[in-house]
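K.L.:
give me coordinates for this.
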Amino acid sequence: MKKNYLKVPAYAALLAVLCQILWGVVFPVIKKSYELFNISDIGSTFLFAAIRFCIAGVILLIVCSIRDKKLPLLKKENVVPILVLGSIQTGLTYGLQFAGMISAASINCSILNGTSFIFMTIFAHFMFKDDKINTRKVLGAIFGFSGILVCFLWGGSFESFSFKGEGVMLLSIISFAFGTNVSRKVTKGIDPVMASGYNLLIGGIELLIISQFLGGRLSNGGVFGYSCLLFLALASSICLMLWTSLVSAKGVGKISVFQCVNPLSGAVAAALLLGENVFQMKYILSLLLVITGIVIVNTGKRK
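P.N.:
Predicted coordinates for the structure are as follows:
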């Protein structure tokens, strides 16, 4: 029997960290892409997202075909579950994310995204008998929400929070957290590469259809712009494949600790790519609180 390296703690940790680094960098790259492709409306953001995810999905299905030397066809009983997963984890999640990022600052998105563990644990409590909320998770959630409050209430105002920006972004994070738990349920017994490929392709097609109704258009982004688009497509395919595999092998609770890497890599990338001033005290304190929350939730004795 072949050894499943995803169940080996060291390998699982390394892959989870890689996913979170790439996902963290994604936010600043998307914002940079908006500048390069002159994107400022919802329809165009959906079109950009659709191209990204369709490419990513096709890449994974091609990989699956080459590996298995046959077409990656879903079994009849898996079609509806994967359609639901693709609609939630790609279509809804990233439709909201790309729309929110028009107005939201990249560093704010990274901090908010770091709190997705809170919603993952809440959904897991109701969806799985072996992943219930406990005192440690409640304490971690308090730290995570404290990080959000520090970020957006620093100085006694709520001016840095926009409902059409950060508010929509928060909705996308909740959708992703729910989708992560759904993926654990519906991908059991399904090849993770195939499941991820169809997940991305289904969501991408849905976003493409919606973008056409909204009049989405893209200008020429140049070599740098298309390079950003390719990076985003590769990040989506690699990360979703690995993340889906890790969730199936280890469970949501055991790998979500590595999300502490996400806001850190996002903050560094925001400074380098966008010139955002991420070294303000409110951002540093927010990141520390969010990371502390993630670590608390995922440490201590496990039954």
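K.L.:
tell me which element Phe48 is part of?
P.N.:
Per DSSP states H and E: Phe48 is located in helix 42-68.
K.L.:
whoops, I mixed them up, Ile209
P.N.:
With DSSP H and E as the test, Ile209 turns up in helix 192-213.
K.L.:
quick check: buried residues in that helix?
P.N.:
Across helix 192-213, burial judged by 16 or more other Cβ atoms under 10 Å covers 192-208, 210-211. Just so you know, the C-beta spots here come from the backbone N, C-alpha and C atoms, and that holds for glycine as well.
K.L.:
any idea which helix or strand comes after the strand or helix carrying Thr121?
P.N.:
Secondary structure assignment for Thr121, by DSSP H and E: helix 116-127. As assigned by DSSP H and E, the chain's next helix or strand after helix 116-127 is helix 135-153.
K.L.:
distance from that next one to the middle of the chain?
P.N.:
When distances are taken as Cα atoms, centre = their mean, to the nearest Å, helix 135-153 is centred 20 Å away from the chain's centroid.
K.L.:
quick one: low-confidence parts of this structure?
P.N.:
Counting by pLDDT under 70, the chain has low-confidence residues at 1-9, 154-160, 248, 250-257, 259-260, 298-303.
K.L.:
so which elements touch the helix holding Ile209?
P.N.:
If contacts are counted by 3 or more Cβ pairs under 8 Å, 6 or more residues apart in numbering; DSSP states H and E, helix 192-213 sits against helix 42-68, helix 76-85, helix 93-100, helix 168-186, helix 222-250.
K.L.:
hang on, Ile30 packs against Leu232?
P.N.:
Yes - taking Cβ atoms under 8 Å as the definition, Ile30 is a contact partner of Leu232 at 6.8 Å.
K.L.:
hang on, the earlier thing: so of the helices and strands packed on helix 192-213, which one's packed in deepest?
P.N.:
When you average the neighbours per residue for each of the helices and strands packed on helix 192-213 (mean count of other Cβ atoms under 10 Å), helix 93-100 leads with a mean of 24.
K.L.:
against which helices or strands is the helix or strand following it packed?
P.N.:
Elements were assigned by DSSP H and E; along the chain past helix 93-100, the next helix or strand is helix 106-113. Contact here means 3+ Cβ pairs under 8 Å, 6+ apart; on that basis helix 106-113 packs against helix 9-36, helix 135-153, helix 168-186, helix 261-269, helix 281-297.
K.L.:
want to try CSV for those, with distance to Ser110 as columns?
P.N.:
Formatted as CSV, the helices and strands packed on helix 106-113 follow (distance: least, Cβ to Cβ, whole Å):
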stretch, distance to Ser110
helix 9-36, 6
helix 135-153, 10
helix 168-186, 10
helix 261-269, 3
helix 281-297, 8
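K.L.:
identify, out of those helices, the most deeply packed stretch.
P.N.:
Across the helices and strands packed on helix 106-113, averaging neighbours per residue (mean count of other Cβ under 10 Å) puts helix 261-269 on top, at a mean of 23.
K.L.:
list the helices and strands that one packs on?
P.N.:
For helix 261-269, the packing partners by 3+ Cβ pairs under 8 Å, 6+ apart are helix 9-36, helix 106-113, helix 281-297.
K.L.:
what's the closest of those helices to Ser236?
P.N.:
helix 9-36 (8.2 Å; Cβ to Cβ).
K.L.:
circling back to that earlier point, quick one, which of the helices and strands packed on helix 192-213 gets closest to Asn134.
P.N.:
Proximity to Asn134 (Cβ to Cβ) singles out helix 168-186 among those, at 17.0 Å.
K.L.:
does Cys109 really touch Met169, like I thought?
P.N.:
Yes - in this structure, Cys109 is within contact of Met169 by Cβ under 8 Å, at 5.4 Å.
K.L.:
shared neighbours, the two?
P.N.:
100-101 (Cβ atoms under 8 Å, 6 or more residues apart in numbering).
K.L.:
just the CA trace of the helix holding Ile209, in CSV.
P.N.:
What follows is helix 192-213, C-alpha atoms only, in CSV (Å, rounded to 0.1, in the frame of the first residue of the first chain):
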residue,chain,number,x,y,z
PRO,A,192,-8.7,15.6,-4.8
VAL,A,193,-7.1,16.8,-8.1
MET,A,194,-10.3,16.0,-10.0
ALA,A,195,-12.5,17.5,-7.3
SER,A,196,-10.5,20.7,-7.2
GLY,A,197,-10.4,21.0,-11.0
TYR,A,198,-14.2,20.8,-11.3
ASN,A,199,-14.6,23.0,-8.3
LEU,A,200,-12.6,25.8,-10.0
LEU,A,201,-14.0,25.3,-13.5
ILE,A,202,-17.7,25.3,-12.3
GLY,A,203,-17.2,28.4,-10.2
GLY,A,204,-15.3,30.1,-13.1
ILE,A,205,-18.0,29.3,-15.6
GLU,A,206,-20.7,30.7,-13.3
LEU,A,207,-18.7,33.9,-12.8
LEU,A,208,-18.1,34.2,-16.6
ILE,A,209,-21.9,34.0,-17.3
ILE,A,210,-22.7,36.6,-14.6
SER,A,211,-19.9,38.9,-15.9
GLN,A,212,-21.4,39.0,-19.4
PHE,A,213,-24.8,40.1,-18.0
